[in-house]
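1. no sequence on this one, just coordinates:
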């Protein structure tokens, strides 16, 4: 699935530039996230509509944003952006630079909780469920 089909002109180039110019907190979260969730595929600076998500997990419909100091001035823009992503079915987690730099374990725990929440409770395989309901089945 290509996320940048039918995107405003310059969106892909902007995403590439943002990947090259990642902030220190963003790079730290990228490294920690790769180590904590090695089997979950993520995209870094991925276009979603006219916006670019810092980190995107397509399989879990999860967006992780690392907000720098400038985000205090763009609260309205961030709210519209989160609403647009929510309309597309994505949940957005926002973390400040300070949270990432000072409490990376807590940040990863919140991301992990969201991933588990998106997966839902583990469902038994169909053959396991059938076996446990048979009479005389000893385990």
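-> Looks like it came in fine. No experiment lies behind these values; they were computed from the predicted model shown.
2. how far away is residue 119 from residue 107?
-> 19 Å (C-beta to C-beta, to the nearest Å). For glycine as for every other residue, the C-beta is placed from the backbone atoms N, C-alpha and C.
3. More neighbours: those two, which one.
-> residue 107 (24 against 11; other C-beta atoms under 10 Å).
4. Give me the residues contacting the helix or strand harbouring that one.
-> Assigned by DSSP states H and E, residue 107 belongs to helix 104-119. For helix 104-119, contacts defined as C-beta atoms under 8 Å, 6 or more residues apart in numbering pick out 28-29, 32-33, 36-37, 40, 57, 60-62, 64, 91, 93, 95, 99-100.
5. for the protein, which spans come out with low pLDDT?
-> 1-20, 69-73, 120-139 (pLDDT under 70).
6. PyMOL command to pick out the buried ones of the contacts of helix 104-119?
-> Buried residues within the contacts of helix 104-119, by 16 or more other C-beta atoms under 10 Å, are selected in PyMOL with:
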select buried, resi 28+29+32+33+36+37+40+57+60+62+64+91+93+95+99+100
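7. What are the buried residues along the helix holding residue 107?
-> Buried, per 16+ other C-beta under 10 Å, within helix 104-119: 104, 107-108, 111, 114-115.
8. Going along the chain, name the helices of the protein.
-> For the chain, applying DSSP state H gives helices covering 11-20, 24-36, 75-87, 97-102, 104-119, 126-133.
9. Going by neighbour count, which residues of the third one are buried?
-> Counting neighbours by 16+ other C-beta under 10 Å, one finds that the buried residues in helix 75-87 are 78, 81-82, 85.
10. what packs against that helix?
-> strand 51-57, strand 91-96 (3 or more C-beta pairs under 8 Å, 6 or more residues apart in numbering; DSSP states H and E).
11. Any buried residues in the longest one, and which?
-> Across strand 51-57, burial judged by 16+ other C-beta under 10 Å covers 51-57.
12. What pairs with it, parallel or antiparallel?
-> strand 43-48 (antiparallel), strand 62-67 (antiparallel) (DSSP bridges).
13. what do you get for the shortest one?
-> Looking at strand 91-96 with DSSP bridges, its partner strands are strand 62-67 (parallel).
14. Kind regards, and thank you for your time.
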